[in-house]
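**Q** just the structure for this:
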Amino acid sequence: MGNGDTRVRGIAARAGGWSARHRWAAVGIWVLFVVLAMGLGSAAGSVKVKESDQLGGETHTAAKIIEDAGIDEPSSETVLIQAKGSGATATDTAFRGAVAEVMKAVDKTGRVTDVQSPYDTNTLSKDGRSALVQFDMRGDADTAGDRVEPVLKAVANVQKDHSELRIEEIGGASMNKTFSDAFGDDFQKAELSAVPVALGILLIAFGALVAALLPVALAITAIIATMGLMGIVSHLQPMDDTASSVMLLVGLAVGVDYCLFYLRREREERAAGRSPEAALRIAAATSGRAIIVSGVTVCVAMAGMLFTGLATFEAMGLASLMVVAVAMVGSVTVLPALLSLLGERVENGRIPFLHPDKRRRNGSRGKGNGESRFWTAVLKVVLAKPAVSLVVAAGALLAVAAPALGMKTQNLTLDQEFGDSLPIVGTYNRVNDAFPGGSEPAEVIVKAKDINAADVKSALADFRARAISSGASRGPVDIKLHDAENVAFVYVPLVGGSDLDKAGESLDKLRDEVRPATLGKVDGVEAPITGQVAGSKDFNDQLAGAVTPVFAFVVVFAFLLMLLSFRSLTIAVTSIALNLLSVGAAYGILVAVFQHGWGASLVGAEGVGAIITWLPLFLFVILFGLSMDYHVFVVSRIREAHLRGRTTKDAIQHGVVTTAGVVTSAAVIMVAVFAIFGTLSMQSMKQMGVGLAAAVLIDATIIRGVLLPAVMALLGERNWYFPAWLNRLPDLTHDEATEPVSSTPPPAVEGERVGV
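**A** Numbering: from 1, shown residues only. Here you go, the predicted model:
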């Protein structure tokens, strides 16, 4: 790529130049693209991720057997009848009467089937004080929560007549309804509040309504277009609601960031005395190029999720990749057209008390273009003693990252996820105390050529007996046959209950000891074990196997992009090291707050003893990608100043302080948006919001404001080290000469080199 016309910088400059000259065409093409993408996506419909594709291992095998057999598992419900005092037992007449009333009441609703008495199924606790009435909801399990209300009311009415007993319902349908009622609007509120929060911060940053609206408008249109594209792509890679939420978060973050970078540079050049046309060309060649480099790097990071083998992660990765690509293209095409159309009107809607003119005058007086006073003072200290600054900042971040060495991951149980904020959590704990593992039993899905064959039935009976005698379960072990499909469901309450560590040991006994000695001896029998505990273990195992390839892919490709974009081996290495330090610090904060509970109350959280399984890998990919936004933008400005003839130290000073405003504004928006998710009720969402917000804050301040300049100051001219043997690699740099300030810009020629 030695030809300048093929460089990344050339693409951004030519795209911006063409859009500025063909303003209405550029805007029209963008609007048409958004409308077509949304229309085609709606027409194509969306394919959701199947349960059988969400996990690997035995959980996947079990789901596939159920899916292939065409068995629709109903949503199961349980009613706990428990004596409040120490005297009453399940054999008492009053207790039996209450059980009978519960069975009659739920059956009378017409919403349930297969109501089972605890005296028939032996679902009585060891102390004789608790019993379980079990039944299934009629209809589709996915929508059972919408139909369970009459059943819950029927159980509540029985409770009113028996104050000496505790009568409570729990199950898939009742939990779904409870969570939907309590938290169903959480995500929607968070997503809706993100836009006004971003707009408010942009108003402060720009001091003008029109300038503030542009980044938000571009981000929203990019998100709308991507929603349509997700529908089309879902026929190749199924999508889910989680992917949509992540796409919205990432789309808003990068969409606003990219516009902010571009718009700030354009305004800065105009404030320095350049004509609107020249300012646009310079913004296209500099910020436009940084946006493309950053966007490609973020896309590469998001693509790392495609290596997990987990359908949900693959959907999140692809959706995030698409929205970043769309936002990137929009920023370097339609944004220059809009800025050209608006001209000075981009300053319309000024907020008087924010004094945008005064801020620009003060920022440019004697300092160049909008340099930050605060970061000027910080940089003075950092550059005066870079070694001390490096040791102090790096030491502080390593100390913050230290707790991550003891990170424990697991799928959170109900009480970990929601604490004691919901009555149903108390019911869940009481069921588990009385019937360990009963609320979330392991499920053995047995597939045979003939499920009623003598050897299969004997093996099933043997499995049931050994599951208890091995100590993996205290029973009762329930078997449900599906004769027509030659499938049996075996439900095994695991010793350990809601303690996933102990329940995991019980699961290992079933898989490694009980099954091989029973069902494993019958030819042609498949018996994968699934359930909540098994799903958590299989998910952990699969993620553990995906960490190395994902990590290697993201780091290696990010390194190569930095190497080609800055033509410096040193910058490529330091970029990766600083980003890894930022991610490590975020991990440390997560473990300290949510695993150990240090300062958890400050963020409205609890120390739950673990980090949810999917979060560390998700955070690594997202943060590694997003942190490149700031890094590319700042380092590009430093390199640009160095190419103008400044010394490395002067270039660092200029690059950091002139980008500080835009980086701060972008970071504040990201932190605010992510912090909104930290206010949600679920601990997993709190963990995600706090982790993302903390990492972005660290990255935009300590990493970019202290560590980066300290490292570059110590390295001096070695920052630009590029071995001769690497000269054959493609050249994606932009080595332009300085364009003089002039009120009359030179005539624009497509493909011309733009001076900076």
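**Q** show me where pLDDT drops low in the stretch 351-500 of the chain?
**A** 353-372, 438-439, 498 (pLDDT under 70).
**Q** quick one: least confident helix or strand in this structure?
**A** For the chain, using mean pLDDT, DSSP states H and E, the weakest element among its helices and strands is helix 356-364, scoring a mean of 45.
**Q** quick check: what element follows the helix or strand hosting Ala94 along the chain?
**A** Take DSSP states H and E as the rule and Ala94 turns out to sit in helix 93-108. Downstream of helix 93-108, the next assigned helix or strand under DSSP H and E is strand 112-116.
**Q** what's the helix or strand just after that next one packed up against?
**A** Scanning forward in sequence from strand 112-116 by DSSP H and E, the next helix or strand is helix 118-121. Counting contacts by 3 or more C-beta pairs under 8 Å, 6 or more residues apart in numbering; DSSP states H and E, helix 118-121 is packed against helix 93-108, strand 130-137. In short, each C-beta sits where N, CA and C put it, glycine included.
**Q** how about 10 Å then?
**A** strand 76-83, helix 93-108, strand 130-137 (3 or more C-beta pairs under 10 Å, 6 or more residues apart in numbering; DSSP states H and E).
**Q** just how off-centre is it within its chain?
**A** Helix 118-121 sits 44 Å away from the centroid of its parent chain (C-alpha atoms, centre = their mean, to the nearest Å).
**Q** which other helices and strands contact the one helix or strand Arg281 maps to?
**A** If you go by DSSP H and E, Arg281 is part of helix 276-285. Where contact means 3+ C-beta pairs under 10 Å, 6+ apart, helix 276-285 is packed against helix 8-21, helix 241-271, helix 287-303, helix 311-342.
**Q** what angle sits between the longest one and helix 8-21?
**A** Calculated by axes from the mean of the first three to the mean of the last three C-alpha atoms, to 10 degrees, helix 311-342 forms an angle of 50 degrees with helix 8-21.
**Q** same question for helix 311-342, mean pLDDT?
**A** For helix 311-342, mean pLDDT is 90.
**Q** for it, buried residues please.
**A** 311-340, 342 (16 or more other C-beta atoms under 10 Å).
**Q** got it, and the second one?
**A** Neighbour counts using 16+ other C-beta under 10 Å place 242-271 of helix 241-271 among the buried residues.
**Q** I'd like to check the angle between it and helix 311-342, please.
**A** Using the same axes, to 10 degrees: helix 241-271 against helix 311-342 is 30 degrees.
**Q** now helix 241-271: how far from the chain's centre is it?
**A** That offset, for helix 241-271, works out to 18 Å (C-alpha atoms, centre = their mean).
**Q** cool, stretch 93-102 as well?
**A** 48 Å.
**Q** contacts for that stretch next, please.
**A** 79-83, 88-90, 92, 115, 117-119, 128-133, 135, 154-155, 157-159, 161-162, 164-165, 167, 169 (C-beta atoms under 10 Å, 6 or more residues apart in numbering).
**Q** switch to 7 Å and redo it
**A** 79, 81, 83, 88-89, 117-118, 131, 133, 155, 158, 162, 165, 167 (C-beta atoms under 7 Å, 6 or more residues apart in numbering).
**Q** strands of the protein, start to end?
**A** Counting by DSSP state E, the chain has strands at residues 76-83, 112-116, 130-137, 165-171, 409-410, 442-447, 478-482, 487-492, 529-530, 611-612.
**Q** tell me the strands beside the fifth one, with direction?
**A** Strands adjacent to strand 409-410 in the sheet, as given by DSSP bridges, are strand 611-612 (parallel).
**Q** check the fourth one too.
**A** The strands beside strand 165-171 in its sheet (DSSP bridges) come out as strand 76-83 (antiparallel).
**Q** pLDDT weak spots in the chain?
**A** 1-10, 51-54, 182-189, 191, 353-372, 438-439, 498, 731-756.
**Q** now with 50?
**A** Along the chain, the parts satisfying pLDDT under 50 run over 1-9, 356-369, 735-756.
**Q** centroid-wise, who is the farthest residue in it?
**A** The centre of the chain is farthest from one residue, Thr93, which by C-alpha atoms, centre = their mean lies 53.3 Å away.
**Q** just the buried residues from the contacts of stretch 93-102, in ChimeraX please.
**A** This is the ChimeraX syntax for the buried subset of the contacts of stretch 93-102, where burial follows 16+ other C-beta under 10 Å:
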select :79,81,83,88,117,118,131,133,155,158,162,165,167
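**Q** using JSON lines, please lay out the strands of the chain together with distance to Gly57.
**A** What follows is these, written out as JSON lines (distance: least, C-beta to C-beta, whole Å):
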{"stretch": "strand 76-83", "distance to Gly57": "23"}
{"stretch": "strand 112-116", "distance to Gly57": "30"}
{"stretch": "strand 130-137", "distance to Gly57": "27"}
{"stretch": "strand 165-171", "distance to Gly57": "26"}
{"stretch": "strand 409-410", "distance to Gly57": "16"}
{"stretch": "strand 442-447", "distance to Gly57": "13"}
{"stretch": "strand 478-482", "distance to Gly57": "23"}
{"stretch": "strand 487-492", "distance to Gly57": "18"}
{"stretch": "strand 529-530", "distance to Gly57": "9"}
{"stretch": "strand 611-612", "distance to Gly57": "19"}
